[in-house]
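Fold the following.
(chains A and B)
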Number of protein chains: 2
Amino acid sequence: MLTTLEESPLYPIANPKSVAFFGASNSVASMGTNLLLSLQAAGFEGPVYPVHYKEDRVLGLKAYRSVLDLPEVPDMAVVVLPTRIVNDALEACGRKGIRRAVIVSGGFKELGGGGIALERELMEIVRRYDMRVLGPNCLGVANLHRHLNTTFLPYEGPAGFIGLASQSGSLVTQMFDYLAGLGLGFSTAFSVGNEADLDLVDAMEYLALCPHTRVIALYIEGVRRGRTFVEAARAIVPHKPVVALYVGGSETGRQAGFSHTGAMAGPDELYEGMFKQGGIIRARSVTELFDFCWVLGSLPLPKGRRVVIQTHSGGPGAAAADACGRAGLELPSLSNDTVQKLAPFVPHTGSVNNPVDLTFSKNPNDFYSSIPEILLQEERADTLLIYFLTPAPVVKRALQQMGLPPEQVAEQALCLIDGQCETISRLVRTTDKPVVGYTFRSLDDPSIRGLTRRGIPVFPGPERAARAIAALVRYAGR
Amino acid sequence: MLTTLEESPLYPIANPKSVAFFGASNSVASMGTNLLLSLQAAGFEGPVYPVHYKEDRVLGLKAYRSVLDLPEVPDMAVVVLPTRIVNDALEACGRKGIRRAVIVSGGFKELGGGGIALERELMEIVRRYDMRVLGPNCLGVANLHRHLNTTFLPYEGPAGFIGLASQSGSLVTQMFDYLAGLGLGFSTAFSVGNEADLDLVDAMEYLALCPHTRVIALYIEGVRRGRTFVEAARAIVPHKPVVALYVGGSETGRQAGFSHTGAMAGPDELYEGMFKQGGIIRARSVTELFDFCWVLGSLPLPKGRRVVIQTHSGGPGAAAADACGRAGLELPSLSNDTVQKLAPFVPHTGSVNNPVDLTFSKNPNDFYSSIPEILLQEERADTLLIYFLTPAPVVKRALQQMGLPPEQVAEQALCLIDGQCETISRLVRTTDKPVVGYTFRSLDDPSIRGLTRRGIPVFPGPERAARAIAALVRYAGR
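Numbering: from 1, shown residues only, chains lettered A, B, ... in the order given. Reported below is the predicted structural model:
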């Protein structure tokens, strides 16, 4: 077990001061070019040395005929070359004294046959020069807190608190935009590819010590070092939650994983057992993987499984109640004290059962202040789940109707909505209970964006919210 | 069983030529005002007569002291009054000769006690005057093909092909924006509320004959006429698919539904049995309800459960394979013929197993033309599932790199993306196999929006896509 982040063999890969780059040219039809463009777009601050057999300049950078010509020994090399010349390049890196490499190129073990021999040869070079490598057949690493991104897509959005170790490179690079849409981001994400050398466990141990990582996500097609994996998880989980998605559990998923990275998947029960032993929270889809990370990385832990639901709409309230029940959560009835405190705010058509259903409310601001304040004080409940709906069109309609000059309506509506979001987020910061939202509006709606960017998770639909709360409960009670 | 749409007791409610409106004023703090604003915003073309005890004009319309003063007998009345005066208003409507009403006001049976007596009294008036009513405790109706919307929120988006009968009014009005986000819309949607008179079955029978409705969605907290419900479904389903969400199946959902509309939920197995007998496809969440409607209303039916997956990313491919397996779908291996035809398009690092994984493709256009064309000809597969990812940032980056003047980049990128969407949608129109997409990009991304607005369903994540395909398979094999 590592004691400091710097001890991790992945440290120089995730925090290089300088990078040698093989396989980028000035043609965008080349994969390597795209990766170097991503690195440049991320604003990487250290020197980058393209190595190219004939270009003098690559993407505006001075290029070198051979890695041996570089003016320094870079902390790592990124290799995006055709399969047949990868090992020669790696050999040259070894001779230059480079001790870390990301091998993006595919065509190794995952293809079987000659690819297996090539990967064996690659590992002989790695051992001869005392190197450590990520890949082959991976997309490398994104450490957004260091402006590092060697993957295919440019990073869109802010750096965040989710650390990812993934046996799929796409699940790193293609999640940038997805996470940004939820107001989330990666701290550091590793694509481990074929794991010829460094693997999921190494990445998990790095992320355990990474100060920007509040929760660890794993995308798994097959674990190679089962026992070490479980032991590492057991050591990490008491300090930092780990969420895993295993796609090899069905026959169809197993076969697809094998063609992809050559990983040998095992029966679903085997993985279920490993996750249980390791204290790992299991997700059943990519969506769940990041939903669970969202709440585990941003909310206080609930003391139990009792949820109180706040709504102003019966149907969405009933759907949430049903979803909570199916997710193994409980909906306690409210104490007399709470019922009395709610009375002034709930019209006679509403309900002070659980869900608390305001129906039509004459003062929409209560929904963001007095009512959640009362519900957070309810000792019978551990988590507050709120249905959010303040559609901008209705706020605008109300302002228009109240006689506001048309040119001020849009701005005033946004201002009102933002005020409501600010009010409830201030309230949420005073409590040690988790507050989770759900909605059927787009997450880009200002009324939802105003909540998520203030750290309140709001899920599309009650089912995702209920399952995320259940994941929090599971971690709290581990 | 009805034989024409006009025979339905709901016909005048969904297609009124004129409307009397009780409970709207000039104050936006009143619920009735909001509903009348929605009706006006929808562009309803017939005369609307507000009835108000003191205002001369309501929202720009001439108002009447009494419904008896109206210059004609409107086809229906919308009643959004305080509970205690609803029955008096309804009595007046009866005397005027109005034969249809939407009672939006709550405070009846769903509250128990005196509310039950009030609802009984309401029904006595209804019978005395030979009226038919929707509600009480509902939001009425939206028939977007007739510019009719009596619900709380303005309709955002185009009219569509989903007919909804809902025991929740919110699930009507709060879905407008949600469906528009998927490129979908309602044909006609009924909120049935407490179902004192007209109920789910009446709405289902109306929608069965509605020419704009291609699929019927039901949101259920508790069915009152079980046998009639099953018989109606059995008669409808061979011609038009019916999808149902039942939220009363868990204890928590059952209690919430009871506070909401006073519906008596039954054990989950009872409903499971009713749905099976009726040939109704069951959805497990609001999201699934509309996902299933999306594919059932827009795609040809598959001949079996065999899916071929097209991807250029291994992880999303493996996740889709796993999701298909869990949804009960099969992934056949490809025929030799298909493998040979694919050979020129798949690089050596790719895979012609299923998922077909292109990995990095030098000509992105193949992904939208030659490759799906080959896969649609594969006789071993019944449905084509495609992973879509053409992020605008990367297209822009490529164009920039190719030396396009900066001011043309954004427009050209959109043009390229739209061309790809058009290419594949033209291909899809030539086949009788369903084509479904999935993505992790936002559905608002031009590369996805270009597909959905051309009628290709693209789901956020492979799990939703796989479950939607399984729903298609279930309906096809009923």
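
how many neighbours does the closest residue to residue A:75 other than its chain neighbours have?
Closest residue to residue A:75 apart from its sequence neighbours, by Cβ to Cβ, 6 or more residues apart in numbering or on different chains: residue A:16 at 3.7 Å. Heads up, the C-betas are built off the backbone N, CA and C, glycines and all. Applying other Cβ atoms under 10 Å in any protein chain shown, we find 24 residues neighbouring residue A:16.

where does residue A:16 land on pLDDT?
Predicted confidence (pLDDT) for residue A:16: 98.

Show me what from the stretch 351-478 of chain A comes close to chain B.
Residues of the stretch 351-478 of chain A lying near chain B by Cβ under 8 Å from any Cβ of the partner chain: A:351, A:353-355, A:357, A:359-360, A:362, A:389, A:391, A:393-394, A:397-398, A:401-402, A:440-442, A:444-445, A:460-463.

just the buried members of these?
A:351, A:353-355, A:357, A:359-360, A:389, A:391, A:393-394, A:397-398, A:401, A:440-442, A:445, A:460-463 (16 or more other Cβ atoms under 10 Å in any protein chain shown).

Which members of those residues occur in helices, if any?
A:393, A:394, A:397, A:398, A:401, A:462, A:463 (DSSP state H).

farthest-separated two in those residues?
Between any two of these, the greatest separation by Cβ to Cβ is 35.5 Å, found for A:401 and A:463.

What parts of the stretch 151-300 of chain A come near chain B?
A:152-154, A:156, A:166-171, A:174-175, A:177-178, A:181, A:219, A:221, A:245, A:247-253, A:255-257, A:259-261, A:284-287.

swap in the stretch 1-150 of chain A?
Contact residues (Cβ under 8 Å from any Cβ) of the stretch 1-150 of chain A with chain B: A:26, A:28-29, A:31, A:33-34, A:37, A:41, A:83, A:106-107, A:111, A:137.

Highest neighbour count among these?
That'd be residue A:137 among these, by other Cβ under 10 Å, with 30 neighbours.

Tell me the secondary structure at it.
At residue A:137 the chain is in coil, as set by DSSP: H, G, I helix; E, B strand; the rest coil.

Identify the residues contacting it.
A:103, A:104, A:105, A:106, A:107, A:108, A:109, A:110, A:193, A:194, A:261, B:349 (Cβ atoms under 8 Å, 6 or more residues apart in numbering or on different chains).

Among those residues, which one is most surrounded by other residues?
Neighbour counts for the contacts of residue A:137, by other Cβ under 10 Å, peak at residue A:193, which reaches 32 neighbours.

Hmm, it is touching residue A:133, no?
No - using Cβ atoms under 8 Å, residue A:193 is not in contact with residue A:133, being 9.6 Å away.

what's the overlap in contacts for these two?
residue A:103.

what's the domain layout of chain A?
A:5-296, A:300-476 (automatic domain parsing).

Dump those to JSON lines, plus distance to residue B:409.
Listed next are the domains of chain A as JSON lines, based on distance: least, Cβ to Cβ, whole Å:
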{"stretch": "domain A:5-296", "distance to residue B:409": "13"}
{"stretch": "domain A:300-476", "distance to residue B:409": "24"}
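
And the residue of chain A most remote from its centre, how far from chain B?
Centroid-distance maximum for chain A: residue A:403 at 45.1 Å, with Cα atoms, centre = their mean. Applying Cβ to the nearest Cβ, to the nearest Å, the value for residue A:403 to chain B is 10 Å.

Ramachandran angles for that residue?
Backbone torsions for residue A:403, taken as degrees, to the nearest 10, come to phi 90, psi 10.
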